[in-house]
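Student: coords below, sequence missing:
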């Protein structure tokens, strides 16, 4: 292992996701295991510029593995997008004797880290923390599994009332550009239709399908809609359209919203966070930089940050087919 | 016990609430215990008019005590509001040999039952099933305790992300005319402010309070808003107002919606449902009619349906004070 | 309000229960509201003797309302049972300028407080924190509602597998001298039999009942057993007895154990904790001492500690009858 | 697709696991999608011999995707281990016009199916349903993810009380021959030590480690123990040993038991069940037999039943290392 790295910083940036605390804990404990120091940075790149640091040791991350959110807090930083901002950040890091950073976040976080590394050669290592599962280089991003379960449990409750009243519900889940949450939570919740950005069903086909569904004896229905689905209508517009075109349905809307970002992480996300933290720190200690850690086919792998940023996560076509069959 | 009642029907009507299945089970098992027959009516008063009945015995209600919603389904019935509709319903009941009905629902359900009893002298007994806790004659309505926990668990998750990002969230919970859910879930979730229909805080006082809160070092905040709060603005309007008047806040909105109506009932609601079913059936067997069963000071009591309908549930002033103190 | 009390200490003692953190938070915030100081004592009476105190303000109890356990920790103290121990504790309190203590715990905790008050006239106020609901002077103790739900959710899962395999399960829940948890969780979980300390069913009647149950077509069964039920046999002995006498049953055992003490408190327990903390502090400020706060018929009331300790909580006979009817 | 298969049976056998109902639903709906019939067999091979069949269509599996257990029930069958038993089963299947069976279960289930196929050439296809994750040919067995979360949530609650009282808990989780649940749930719950069958820690090293842990300032500890760990002592014997050798610890035991088999499946298990059902039916329709479906590197794959039975699942060494680092 490299002799040069004696102190590692860790920060969380961008939208928070369940498991970020567990990942911070893992980074800190792996540092302790290798007898090097670790420092937490508050509010992502903002805290880097403000020098808002806290020394962390194995005991100071006790009891956080099961807590949602990130105790280091997260924020977007306009200042870090400027050369001046990054200069100040570099000075603060140098002054604090920090040799490398672990960045927990998504696309934007990694882009910032990459630019910073290009300018100052400062070692950075990424951990993909986002509920959207939209990052290349890892089969699952940190927090995605928890978000799926939060969505499914909420839709289970909605189905209780939908079924009792023979209603049709449009349920919006998170996922602006990608349909991973919608597709998986939709299958998991037994949704009758799933609208995702990757497939343009067309509203007329939706209406036809609902019509068929009604005739086949289904009295209630759940349609799961990704925020950014291709039909391009909000769940409220979908409701209006169906209200006008399928009078036999009593239509309601539910937007699950930000609760999908919070909550105690699942076992999977806690284990994933623990593995990612170990891999991130040990990769830095091996002298590596500009990578993102990820799990590919259940093994921990490194992907160049540049590729992780540019890549486009693809929806699993098999799942779309499974979804179609399940709604027979 | 009266020799006249040999067969009791049970129906669920109005908005569904967790515990309705447990109440149906209790009605059926209490009938079995007293060796009389029981019949389920589908879709509330609609099913009564359609003669949509199902014979139920102790075994047929197995495994439903922990299921949300109502397997008998619920519906609003315009036909039952007409003399003709009620005449048909009475004929259907007579033809099926049914001697009395247990009505599980709220205000509207009880009003229907009362009119029906006035016209035909048909014995009816009410069980207050609604998440709103807005019925006189019971300390807690069936489903209220579950809805509170659903709301609190959702707000716990929202707080994780609010806290991570130093955000202000307006969270809308159910309760059109009453603030019971908002007040209790707000205290339970540690909300910074709670807006309820019973108290007009005034939006300026809200803004002042949030301003003070920010200055006192609170970085994130949850404001729980009852659907029908007195400020008279939707959570989206509240967000806009604060966006314009308190720029230092990053404001988000979450409408918890219909998930509050579903889900597996809490232990309290399951036990309450069991007690209410026993009391309802045994009161009918004792020759009583036109009452609602309820729990008052932890004892099962009867309240005339007429009083239950007209009464107005009051918010607990002590709780408002507790809420004020907790947000010090 | 009394001018004399300027600083209040709070401690948790005895077996922990969900909601203790919420109660500490309430004590601290109520002190802040009344502009007096508050101090946390670690490890109950042990910390009192060791002077293990921490200054607390409104912000330092942030984010704990939904956390199980007690961050002040709890412990049994042999030293506090001695005159010498109490003398040291009194000196430590005096030295720290503390004027009164709020004691969160059960019987043993209150007995200690009463002796201490008798000897030193030091103002004490009790909050009943125990999952057993076995204290006179409050309709529900703090943590009881959460423990019920934990037990019911666990039994729901056990029923899934019991039903799939047509098995009989003996499930032991907490409650050494009282059957409140067993009776309520048993009804809530739809148990076929409930064995509690207050009623001696006799093992032969149990076997008869199970035999009847099997013949009536029930293929699986859950028997909920309170730790200290009157039959006087452990769940393992019950299993052996049934194995020998009812060969047609495939019998398993599950002891729910300590998980019943933990977990995030329910909305009810969080609100109850908040109310109790307010009442405890304000009663001290009114010059009262030697009382326990409690909720009686949904109002906050004071009960002399002496009565709370000596009283015996009684099982609700109506519930036993409801349980009998439900297992028809 | 093969023209020969017109009717497919599905059964669940062996220990039940969460997701079995979702898998049955998927088998039935995939049959409906391909316009062939499907039949449920009650109580595994027992029902096959008894001809205990039920016709199932797309609507009859509604509302079960989120239910624990198996509505077709499961049982061990001694009769199916005999030539005579299997002969009767074959006759019953033939008489009912059934052309193939989907077997949901583990090792024993597949062995039975293989023997049956050898004798009668009857097409069989396996779905690995067991919480133990101990089957070759699938990265995750059905129910494993749910069991992990059930275990972790229970240990979270136990930690609350362990931490409040500075106690050491030995928590036994399921896994007779394999440590997958113990290792993953242990990491997920932040356990201080994890004892699994695959690694013989030796009780003296455990005691040393606990001693070190105590000295390093950890006041409470969780040790997760797989049922069949190599130390070969039950959790109760472990407690006794530590009681005698580490007096400074207050030791308790919790056996999580059968609740780990039940409960509503996680999103992952529901999606996995849906995928497996599709793959199983479609593989049969393609004329394949004697395979088990599984997910390998997130793709649906077939593994010969013979290999699935004989193979030995291996513990992930990386996870053992992660666990060591996390407990620094």
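Tutor: Arrived safely, thanks for sending. Just so you know, these numbers come straight off a predicted model, no measurement behind them. Numbering: from 1, shown residues only, chains lettered A, B, ... in the order given.

Student: quick one: the helices in the stretch 201-328 of chain A, in order.
Tutor: Taking DSSP state H, counting those that start in this stretch, the helices of the stretch 201-328 of chain A run over residues A:203-215, A:235-245, A:267-285, A:305-310, A:317-326.

Student: actually the stretch 1-150 of chain A, sorry about that
Tutor: So, for the stretch 1-150 of chain A - with DSSP H, counting those that start in this stretch - the helices run A:20-33, A:44-50, A:83-95, A:107-120, A:144-165.

Student: that older thread, of all the helices of the stretch 201-328 of chain A, which lies closest to residue D:239?
Tutor: Across the helices of the stretch 201-328 of chain A, residue D:239 has its closest neighbour in helix A:267-285 (25.1 Å, C-beta to C-beta). Backbone N, C-alpha and C define where each C-beta goes, glycine included.

Student: want to throw the helices of the stretch 1-150 of chain A into JSON lines with distance to chain D and mean pLDDT?
Tutor: Below are the helices of the stretch 1-150 of chain A laid out as JSON lines (distance: least, C-beta to the nearest C-beta, whole Å; pLDDT from 0 to 100):
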{"stretch": "helix A:20-33", "distance to chain D": "4", "mean pLDDT": "98"}
{"stretch": "helix A:44-50", "distance to chain D": "24", "mean pLDDT": "98"}
{"stretch": "helix A:83-95", "distance to chain D": "25", "mean pLDDT": "98"}
{"stretch": "helix A:107-120", "distance to chain D": "22", "mean pLDDT": "97"}
{"stretch": "helix A:144-165", "distance to chain D": "4", "mean pLDDT": "97"}
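
Student: can you add distance to chain C and mean neighbour count and give the ones you listed back as TSV?
Tutor: Output for the helices of the stretch 1-150 of chain A, formatted as TSV (distance: least, C-beta to the nearest C-beta, whole Å; neighbours: other C-beta atoms under 10 Å in any protein chain shown):
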stretch	distance to chain C	mean neighbour count
helix A:20-33	12	28
helix A:44-50	19	25
helix A:83-95	26	16
helix A:107-120	25	19
helix A:144-165	13	27
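
Student: export these to CSV and tack on distance to residue C:23?
Tutor: Converted to CSV, those look like this (distance: least, C-beta to C-beta, whole Å):
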stretch, distance to residue C:23
helix A:20-33, 25
helix A:44-50, 34
helix A:83-95, 42
helix A:107-120, 40
helix A:144-165, 29
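
Student: residue C:80 is nearest to which of those?
Tutor: helix A:20-33 (36.1 Å).

Student: helices and strands around the closest one, which ones?
Tutor: Packing partners of helix A:20-33 (3 or more C-beta pairs under 8 Å, 6 or more residues apart in numbering or on different chains; DSSP states H and E): strand A:7-12, strand A:37-41, strand A:100-105, helix A:267-285, helix D:317-326.

Student: now do residue A:37 against chain D, distance only.
Tutor: 14 Å (C-beta to the nearest C-beta, to the nearest Å).

Student: got a pLDDT number for the closest residue to that residue other than its chain neighbours?
Tutor: Using C-beta to C-beta, 6 or more residues apart in numbering or on different chains and skipping the chain neighbours, the partner closest in space to residue A:37 is residue A:7 (4.2 Å). Looking at residue A:7, its pLDDT reads 98.

Student: where does the stretch 201-328 of chain A dip in pLDDT?
Tutor: Filtered on pLDDT under 70, the stretch 201-328 of chain A yields the residue ranges A:230, A:232.

Student: tally of neighbours for the nearest residue to residue A:241 once chain neighbours are set aside?
Tutor: Using C-beta to C-beta, 6+ apart and skipping residues adjacent in sequence, the residue nearest residue A:241 is residue A:203, 6.1 Å away. Neighbour count of residue A:203, defined by other C-beta atoms under 10 Å in any protein chain shown: 17.

Student: from chain C, how far out is residue A:181?
Tutor: 25 Å.

Student: let me fix that, I meant to ask about residue A:72.
Tutor: Residue A:72 is 14 Å from chain C, by C-beta to the nearest C-beta.

Student: pretty sure that residue sits against residue A:42.
Tutor: Yes: at 5.5 Å, residue A:72 and residue A:42 qualify as touching, with contact defined as C-beta atoms under 8 Å.

Student: looking at those two, which is more packed in?
Tutor: Just comparing residue A:72 and residue A:42: by other C-beta under 10 Å the higher neighbour count belongs to residue A:72, 24 against 20.

Student: could I get the pLDDT score of the more buried one?
Tutor: 98.

Student: and the nearest residue to residue A:145 once chain neighbours are set aside, how many neighbours?
Tutor: Distances taken as C-beta to C-beta, 6+ apart put residue A:268 closest to residue A:145, at 4.4 Å, once the chain neighbours are dropped. Each residue near residue A:268 was counted by other C-beta under 10 Å, and the total is 25.
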